[in-house]
Every structure is written in structure tokens, then in C-alpha cells.
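> give me a 3D structure for the following:
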Amino acid sequence: MKNFSMQSIKEMVDNYRARPIGTTKRYAVLIPLVEIDNELHLLYEVRSQHISQPNETSFPGGRIDEGETPAEAAVRETVEELNYDGSKIELFGALDYIVQDSRVIYSYVGVLHDFDIDLLNPNEEVASVFTLPLRFLVENRPAYYEITAQANYTDDFPFDYINSSRDIRMRTFRAKIPYYRLDDQYLWGFTANITDRFIELVREHFKDKL
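Residues are numbered from 1 along each chain as shown. Next comes the predicted model:
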């Protein structure tokens, strides 16, 4: 084996694209803006019985294919799930993303031009779609509920080799789950989290006009 050199390490780092450690599954979603009666709405999907997490609310999106950028995946999944003309999807840009355990979920904001909800013909992954006015979301924050989980270590975990007390077994992890109170739809979890973050940015940007 050749000796390592400072230059070779520099070239390695220069050409590397950083990513979250330990992630093995990468997804991308689109936050679709649509215009209904001259008012901006966000479009949501209700997942069908044919896929995981049936009846849950989500944004259009899915797993990123090999060789595909997150932005490309977000648009492709929207085209496939909504049977929408890709030339009528305008991508505005990236929003914050979620990293949890072995997965990362990228989010993008875009607009569906020439939108008519009555003409949508979603594929078999989508049971139905609905929209929420942007103003409604700005005026109605989600409630956050805390959940806790305790680490569960196997009996052969090498505590003796990590200079750590066995009290680590009692370590508790906490997370806050957002939930929007809607009359006839469910909006919580990752989708609510991404929604609320987008609305936070809207509030910040338009704070002098709200």
C-alpha cells in the first residue's frame, strides 16, 4: 500500500459530498403550492391502502433513485403520483431536511401551474388529495406532543470497553411530534413537521405584512 499523503487526503475531501452519517435510505418530497380562487394553497395526498402507512397524509415524494438528485426525485415522484405534467411543475428550491435514524428526507418547494383539483387523476398510491389555504396554516400552528423512548441495550453490550456506566441503560430519548387539528383530515408527524417549518419561514419573511 502506498503511503498516505496530505495532498491525497485533500483531494479525497475536496471531491466528497457531505451526507449524514449512518443514513442508508434517502427520500425527497415536494411541498406543492397551488392557486385556488386567487389564493395560495398547499396540496397534500392521502396514502392509499396499496402502500405503507395507508390513510396517512403526505406530500408527493418517495425514495431517491440511484444517480438521481433529491430535487429530481421530488419532481419525478410528483409527476408519477399525481399524473401531473412535469413541464407544469416549477421548482423554487430546497427547504430544510429531516434526518432520523438511517433515513434522510429532503424537501423542496414548488408550484403546480395550471392546477385544477377536479382534473387530477392520481395513481394507485394516492387515495385522495386535499388542499389547505396558506393563510389558514399561517394562522393555525400545530400542537406539539412529547413522546419518550428508552434505549434498549443487548445483554452483551460492551460497557466495560467504552468507559461508561451501565446507567446508560436508563438513558431516555425525547421527541416532539406536531399535530394539526383539522375537521376531516389528519396532518401530523414528518409532514406536519415540514409544513410547520415552511410556515415558520413564511411568517419570518412576511412578518411586516401579517
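
> C-alpha from now on. contacts and neighbour counts both.
Will do.

> for the residue lying closest to Thr195 once chain neighbours are set aside, give the beta-bridge partners.
Distance criterion Cα to Cα, 6 or more residues apart in numbering; nearest residue to Thr195, sequence neighbours excluded, is Ile31 at 8.0 Å. Beta-bridge partners of Ile31, counted by DSSP bridges, are Val109.

> can you check the one 4 residues further on too?
Applying DSSP bridges to Glu35 gives these bridge partners: Leu40.

> grab the most central residue of the protein for me.
Ile105 (4.4 Å; Cα atoms, centre = their mean).

> name the SS class of that residue, please.
When classified by DSSP: H, G, I helix; E, B strand; the rest coil, Ile105 comes out as strand.

> any idea how far Glu124 is from His50?
Counting by Cα to Cα, to the nearest Å, the gap between His50 and Glu124 amounts to 7 Å.

> neighbour-wise, which of those two wins?
Glu124 (15 against 11; other Cα atoms under 10 Å).

> OK, contacts around that one?
48, 50, 81 (Cα atoms under 8 Å, 6 or more residues apart in numbering).

> again, only using 10 Å
Counting by Cα atoms under 10 Å, 6 or more residues apart in numbering, Glu124 touches 47-51, 80-82.

> helix or strand for it, just tell me which one.
Per DSSP states H and E: Glu124 is located in neither a helix nor a strand.

> from Arg76, how far out is it?
For Glu124 relative to Arg76 (Cα to Cα), the value is 16 Å.

> one more: Phe59?
Applying Cα to Cα to Phe59 and Arg76 gives a distance of 13 Å.

> looking at these two, which is more packed in?
Legend: neighbour count by other Cα under 10 Å for Phe59 and Arg76, higher for Phe59 (26 against 21).

> mind listing what that one touches?
Counting by Cα under 10 Å, 6+ apart, Phe59 has contacts 28-32, 42-47, 74, 77-78, 107, 129, 190-192, 194-195.

> check Tyr145 too.
Shown in contact with Tyr145 (Cα under 10 Å, 6+ apart): 175-179.
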